[in-house]
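[1] Turn this into a structure:
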Amino acid sequence: MRRVVVTGLGVVSPFGRGVDYNWNCLLEGKSGIRQIEGFDLKDIPVHIAGQVPFGKEENQFDPDTVMAPKDQKKVDKFILYGLAAGSDAIEDSGWKPETEEDQFRSGVMMGSGIGGLQVIYDNSVAFNENGMKKISPFFIPSCLINMVSGNLSIKYGFKGPNHACVTACSTGTHAIGDAANIIARGDADVMVAGGAESAVNAIALAGFARMKAVTSDFNDRPTEASRPWDKDRSGFVMGEGSGALVLEELEHAKARGAKIYAEVVGYGMSGDAYHITAPSGDGAYRAMKMAADHAKEHGVELKDINYINAHGTSTPAGDVGEALAVKRLFGDEIKNLSMSSTKSAVGHLLGAAGAVEAVYSIMALQTQTCPPTLNLHNVEEEIADFDLVPLKAKKREIKAVMSNSFGFGGTNSSLVLKKYEA
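    Residues are numbered from 1 along each chain as shown. Model prediction:
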């Protein structure tokens with residue numbers, strides 16, 4: 001199997017746009033969670049979320065830099081976010097197909113958990129009230145999940161594999177792992193992979209609130225609401241944005257002198273076969289074990305995985321279940337391990353979460369620094385022996401990182417990335 005490396009990164013998050021900016025915000029302990037703006041909450045009890053900051057200032061999200069204003073009306077915001085992160089990753093990589101063969105060997109795998117929910121809602125209301133004449137002719141292509149991949153492939157002339165992954169909150173991680181496998185088996189040399197989501201809207205919040213999955217206990221203290229592993233956690237905080245990686249076959253990257261951020265050495269996936277929304281813990285363990293077993297084939301032992309960016313959503317059952325699955329896999333090696341949840345700072349980006357967190361994990365590897373878990377004051381006793389990087393970033397040696405994502409339907413995914421060594 002061919003070796004796969006990361007040569008480009010892009011992020012749009014509740015902090016704003018830009019990898020370095022996002023990373024600095026994380027290390028400084030900032031939070032992107034605030035009072036919801038832009039739509040009527042009606043009777044929804046949740047008043048906070050991690051919304052992407054729009055504006056013209058540096059690191060704010062300016063959609064005019066992504067798409068012409070007249071065309072923005074033809075797409076849902078998740079497509080704009082995915083185009084921005086994907087474009088930033090491609091530009092960062094410096095990859096430009098020079099020949100038709102280069103185009104055939106370059107592909108895209110950008111997914112989403114929900115896609116254009118707001119567009120679907122708006123057109124449903126318009127149809128119900130006024131019939132077909134009020135349906136936008138761009139309704140269907142504006143909300144299809146694969147349109148992030150489609151738009152990126154058109155913009156950059158990537159004619160290779162054009163795919164989209166849809167596995168709820170595992171989407172971003174699955175997209176990266178599947179794209180890496182496409183390269184490893186020789187079906188492409190370059191893949192842009194990740195996830196995008198824009199579900200901070202009334203209908204989505206109402207749905208998650210009815211499930212009692214999102215917290216409504218911290219409406220007056222938004223920055224304290226997402227608190228993975230803390231005893232006072234009561235549900236996740238919704239976020240939005242996009243993360244993208246450029247993955248590349250090693251020799252292809254070396255031949256053009258590309259900067260190499262990391263090497264993808266492990267990818268695992270599993271199904272809980274247990275419950276549509278509740279985690280089992282066993283599935284998480286098996287996804288991580290598969291990723292770790294693949295990493296071992298590349299010379300990476302469990303003791304070499306020094307940092308985990310956890311799924312860590314801030315839900316009562318999920319957080320401890322994941323930590324116990326980590327303990328089951330790593331055993332005594334947890335003494336060499338630091339684990340944190342960056343969802344404490346930006347919220348849960350659903351289908352984009354895994355991709356954004358993969359970028360953060362790579363930055364941890366690059367800077368030899370673990371980002372903190374914010375709001376972690378009183379950890380659960382059964383996982384008190386973990387280094388959960390509470391409140392402040394931590395410098396330490398990091399040889400390899402793991403990034404976890406688990407989703408509704410019992411779908412689980414895990415990545416292992418390491419420092420590139422020739």
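
[2] Off-centre distance for the helix or strand containing residue 344?
    Using DSSP states H and E, residue 344 sits within helix 343-346. Distance of helix 343-346 from the chain centroid (C-alpha atoms, centre = their mean, to the nearest Å) equals 12 Å.

[3] which residues in the stretch 301-422 of the chain form helices?
    316-330, 343-346, 353-367 (DSSP state H, counting those that start in this stretch).

[4] try the chain
    Per DSSP state H, the chain carries helices over the ranges 19-27, 69-72, 77-93, 100-104, 117-130, 139-143, 147-156, 171-184, 202-210, 250-255, 282-297, 316-330, 343-346, 353-367.

[5] For stretch 21-35, what is the spacing between the initial and final residues?
    End-to-end distance for stretch 21-35, by C-alpha to C-alpha, to the nearest Å: 22 Å.

[6] Now do the buried residues in it.
    Across stretch 21-35, burial judged by 16 or more other C-beta atoms under 10 Å covers 22, 23, 25, 26, 27, 31, 32, 33, 34. Every C-beta, even on glycine, is put in place using the N, C-alpha and C of the backbone.

[7] For the residues you listed, give me a markdown table that also has pLDDT and distance to residue 410.
    Formatted as a markdown table, the buried residues of stretch 21-35 follow (pLDDT from 0 to 100; distance: C-beta to C-beta, whole Å):
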| residue | pLDDT | distance to residue 410 |
| --- | --- | --- |
| 22 | 98 | 30 |
| 23 | 98 | 32 |
| 25 | 98 | 33 |
| 26 | 98 | 29 |
| 27 | 98 | 34 |
| 31 | 98 | 30 |
| 32 | 98 | 29 |
| 33 | 98 | 27 |
| 34 | 98 | 32 |
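
[8] Does residue 87 touch residue 66 like I think?
    Yes: Residue 87 is within contact range of residue 66, at 7.2 Å (criterion: C-beta atoms under 8 Å).

[9] count of residues packed around the closest residue to residue 374 other than its chain neighbours?
    Take residue 374 and drop its neighbours on the chain: the residue closest to it by C-beta to C-beta, 6 or more residues apart in numbering is residue 344, 3.9 Å away. Residue 344 has 33 neighbours, counted by other C-beta atoms under 10 Å.

[10] Let me know the distance separating residue 344 from residue 32.
    According to C-beta to C-beta, to the nearest Å, residue 344 stands 10 Å off from residue 32.

[11] And residue 44, by the same measure?
    Remark: distance between residue 44 and residue 32 (C-beta to C-beta) = 20 Å.

[12] Report the buried residues of stretch 173-185.
    So for stretch 173-185, counting by 16+ other C-beta under 10 Å, buried means 173, 174, 175, 176, 177, 178, 179, 180, 181, 182, 183, 184.

[13] Just the closest of these to residue 323, please.
    Nearest to residue 323 among the buried residues of stretch 173-185, counting by C-beta to C-beta, is residue 173 at 18.0 Å.

[14] ok, back up a step: more crowded one of residue 87 and residue 66?
    residue 66 (24 against 19).

[15] hmm, back to that, what distance do you get for the residue nearest to residue 374 to residue 370?
    Distance from residue 344 to residue 370, by C-beta to C-beta: 13 Å.

[16] cool, and residue 26?
    Applying C-beta to C-beta to residue 26 and residue 370 gives a distance of 10 Å.

[17] and for those two, which residues touch both?
    residue 393 (C-beta atoms under 8 Å, 6 or more residues apart in numbering).

[18] my guess is residue 247 meets residue 183, correct?
    Yes: using C-beta under 8 Å, residue 247 is in contact with residue 183, at 5.8 Å.

[19] and the closest residue to residue 111 other than its chain neighbours, how many neighbours?
    Distance criterion C-beta to C-beta, 6+ apart; nearest residue to residue 111, sequence neighbours excluded, is residue 165 at 3.4 Å. A total of 29 residues lie near residue 165 under the criterion other C-beta under 10 Å.

[20] out of the buried residues of stretch 173-185, who's nearest residue 285?
    residue 173 (15.7 Å).

[21] So for the closest one, what's the nearest residue that isn't a sequence neighbour?
    That would be residue 354: by C-beta to C-beta, 6+ apart, it lies 3.2 Å from residue 173.

[22] With that, I have no additional questions.
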